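Engineer: I would like to see how this sequence folds:
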Amino acid sequence: MKDIDNLCLNCFKELREGAVCAECGYDNDTANDDMFLSAKTVLADKYIVGAFIKQESDSVTYAGYDSQLDKKITIREFFPKGMCSRLEGSLDIHIRQKFIADVEKYKKSFFKLWTTLEKLHSLSAVVPVYDVFEENDTVYAIIESLECIPLREYLLRNESGYISWDNARLIFMPVLTTLENLHQNGIIHGSLTPDNLVLCRDGKVRLSPFTIQEACDITSSLEFNFCDGYTAIEQYENNHKICPATDIYGFSACIYRALAGTNPPSAQTREANDKLMIPNSIAETIPMHVIKAIGNGLQIYPEKRIKTISQFREYLDAAPAVIAKAAKPADSEYVEENVYEDTEKSKNLKSRIIIIILVVLIVAAIGAGVYLVQFTDLIKKPETTTATTQAVTYEVPDFVSNGYTQVDVENNGAWNEQFTINFEYEYSTDIEQGIIFKQNVAAGENIPGGSDIILTVSKGIQTQTIPDVANMTLEEATRQLEALGFKVSSVEVFNDGTHTPNTVKATSSSAPAAGEEAAVGEEIILQVYGEVQTTQPTTQAEE
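Structural biologist: Next comes the predicted model:
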């Protein structure tokens, strides 16, 4: 094992002179944030933590060094952003009280993701993962360090900003096998963008190490990873579910970017106004089967998209099954929409169709008029029987148990015709924001049509900003925090004699940290300086 003190903590080449590395320019006097692992921390008795690289919604990435194999590695630590921290002197992560259940669930997802990638290391588009283990109350993935550039950077290096299909095919097609295997193992990438597809020095195109699926779903409590133009509609808050077609959308968007030179419009924008155009000058250079594949892969709603990677591969390859399908009339399984500009022929066809529809509507209207004339006498005849008036009643739905939101109710025409529905809003400690959790009329009760129903919608957890209580006495800090509704506990930290005992630590004073939003009722842990430790020799007289 090399002497770690003589290695750069970023590239792990030997330092020649001073703290600044001559190879990569990293200043080795830079310390990692107190919240993260400090440089030179040893994991699993062999992996050395180096410089902090980045934090994502589910994890922290560090440069690392494998002391047994004598090579640079990348270390990924499960560390959900905003949900946990570290206390001074401890390697264990400290989970914020309100997130304990969520973090445990996400931790399992993280472990499953990286152990699956470890098993699939032989696939060409997987960045090799060769160890996954639990330590410090969290999970670590050890990943091979590769020299690579993102696809977006590669495209920008081209003068035109885009590439031909012949070149794009060599980049994209090998990735499909890896995606297919991930899907077969229950893994959805969820974040396929030109930044997460990387071109490596060994000539292979790989999926950059990515986050767990929950981080790519706006409905989870993790920070939402999204990229306009590449994030599918089902990843935003709506009634569609994330599925393999979600990755097909992102992958199709990447191909679109590579061939057209621009990002596709965002899915939310396209939902309101679906415009997805490739200029004629570029479209003429792209094979028609590829245009059809992109169009089918970028259908806004997942149920209309190509469903599986194998089907998508057939479209991109123009397999015989696809060619046969393309020869069928317009009742084929997938429909190309708005992918390239209409030709004059298609415009004329549309005009003829519109004329036919108008003629049919006019004939129908005339027919309806004759029908009304024929039955006018029946309509005008007075009732010969005495009508009995009886109030119509409706059964009240269970708005609470089914997890409905206000939008769900407002969009349900039947409920709004049957009842007069109003909404109230309250904070809740355990109901997600936007969910209905009370109704003033019990589910199953029959009430007259038009009756008032009041539904209570959760405003989420009431939060307060944690004040900075550094250098206060423990009593002062406790009073201030409890006045805001927080619970307070403390841990004693070492006092080197320069601090007043029983005062809150000057930096990293609390977990969660000052300035963060925390739920009212959450426990705030204060780090408090203890008494100055002194040792005096025992004299004979004292004995």
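
Engineer: Spatially central residue for this structure, please.
Structural biologist: residue 216 (1.6 Å; C-alpha atoms, centre = their mean).

Engineer: List the contacts of it.
Structural biologist: Contacts for residue 216 (C-beta atoms under 8 Å, 6 or more residues apart in numbering) come out as 188-191, 224-226, 231, 235, 242. No exception for glycine: its C-beta is placed from N, CA and C like everyone else's.

Engineer: and it, what pLDDT?
Structural biologist: Reported pLDDT at residue 216 in the predicted model: 88.

Engineer: and the gap between it and residue 405?
Structural biologist: Look at residue 216 and residue 405: by C-beta to C-beta, to the nearest Å, they are 21 Å apart.

Engineer: Excluding covalently adjacent residues, which one is nearest to residue 50?
Structural biologist: residue 63 (3.7 Å; C-beta to C-beta, 6 or more residues apart in numbering).

Engineer: For the one you found, give me its contacts.
Structural biologist: 9-12, 50-51, 53, 72, 74-75, 145.

Engineer: redo that, cut-off 6 Å
Structural biologist: Each residue near residue 63 by C-beta atoms under 6 Å, 6 or more residues apart in numbering is listed here: 10, 50-51.

Engineer: Please, where are all the strands along the stretch 201-350 of the chain?
Structural biologist: In the stretch 201-350 of the chain, the strands defined using DSSP state E, counting those that start in this stretch lie at 205-207.

Engineer: rewinding a little: how much space between the residue nearest to the centre of the chain and residue 81?
Structural biologist: 14 Å.

Engineer: The contacts of residue 216 into a markdown table, with extra columns for distance to residue 248, pLDDT and neighbour count?
Structural biologist: Shown next, in a markdown table, are the contacts of residue 216 (distance: C-beta to C-beta, whole Å; pLDDT from 0 to 100; neighbours: other C-beta atoms under 10 Å):
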| residue | distance to residue 248 | pLDDT | neighbour count |
| --- | --- | --- | --- |
| 188 | 10 | 90 | 22 |
| 189 | 10 | 91 | 24 |
| 190 | 12 | 90 | 23 |
| 191 | 14 | 91 | 24 |
| 224 | 20 | 85 | 17 |
| 225 | 18 | 83 | 22 |
| 226 | 17 | 83 | 20 |
| 231 | 13 | 92 | 25 |
| 235 | 13 | 91 | 25 |
| 242 | 12 | 90 | 18 |
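
Engineer: I'd like those as JSON lines, with distance to residue 157 appended.
Structural biologist: Output for the contacts of residue 216, formatted as JSON lines (distance: C-beta to C-beta, whole Å):
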{"residue": "188", "distance to residue 157": "30"}
{"residue": "189", "distance to residue 157": "25"}
{"residue": "190", "distance to residue 157": "27"}
{"residue": "191", "distance to residue 157": "23"}
{"residue": "224", "distance to residue 157": "30"}
{"residue": "225", "distance to residue 157": "25"}
{"residue": "226", "distance to residue 157": "26"}
{"residue": "231", "distance to residue 157": "25"}
{"residue": "235", "distance to residue 157": "30"}
{"residue": "242", "distance to residue 157": "33"}
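
Engineer: Name the nearest residue to residue 484, sequence neighbours excluded.
Structural biologist: Spatial nearest neighbour of residue 484, excluding adjacent residues (C-beta to C-beta, 6+ apart): residue 464 at 4.7 Å.

Engineer: Need the three-state assignment for that neighbour.
Structural biologist: When classified by DSSP: H, G, I helix; E, B strand; the rest coil, residue 464 comes out as strand.

Engineer: I'd assumed residue 482 was in contact with it.
Structural biologist: No - using C-beta atoms under 6 Å, residue 464 is not in contact with residue 482; the gap is 11.4 Å.

Engineer: So between these two, which is more surrounded?
Structural biologist: residue 464 (17 against 12; other C-beta atoms under 10 Å).

Engineer: Return the per-residue confidence for the more buried one.
Structural biologist: 85.

Engineer: And for residue 126?
Structural biologist: The model's pLDDT for residue 126 equals 86.

Engineer: next one: residue 367
Structural biologist: With respect to pLDDT, residue 367 scores 44.

Engineer: residues contacting residue 57?
Structural biologist: Contact analysis of residue 57 by C-beta under 6 Å, 6+ apart lists 81, 211, 215, 222-223, 225.

Engineer: Just put these in TSV and tack on distance to residue 491.
Structural biologist: Listed next are the contacts of residue 57 as TSV, based on distance: C-beta to C-beta, whole Å:
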residue	distance to residue 491
81	23
211	31
215	30
222	27
223	27
225	33
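
Engineer: For the chain, name the helix or strand with the lowest mean pLDDT.
Structural biologist: Least confident helix or strand of the chain, by mean pLDDT, DSSP states H and E, is helix 376-380 with a mean of 33.

Engineer: next structured bit after that one?
Structural biologist: Later in the chain than helix 376-380, the nearest helix or strand by DSSP states H and E is strand 393-395.

Engineer: Against which helices or strands is that next one packed?
Structural biologist: Judged by 3 or more C-beta pairs under 6 Å, 6 or more residues apart in numbering; DSSP states H and E, strand 393-395 is in contact with strand 446-448.

Engineer: and the strand it packs on, which strands flank it?
Structural biologist: Paired with strand 446-448 in the same sheet, following DSSP bridges, are strand 393-395 (antiparallel).

Engineer: Is there a neighbour count for the closest residue to residue 207 other than its chain neighbours? I'd like the number.
Structural biologist: Distances taken as C-beta to C-beta, 6+ apart put residue 125 closest to residue 207, at 5.5 Å, once the chain neighbours are dropped. Per other C-beta under 10 Å, the neighbour tally for residue 125 reads 21.

Engineer: Could you tell me how far the residue nearest to the centre of the chain is located from residue 242?
Structural biologist: From residue 216 over to residue 242 the distance is 7 Å, taken as C-beta to C-beta.

Engineer: Same question for residue 293.
Structural biologist: 21 Å.

Engineer: Now the buried members of the contacts of residue 57.
Structural biologist: Buried subset of the contacts of residue 57 (neighbour count, 16 or more other C-beta atoms under 10 Å): 211, 215, 222, 225.
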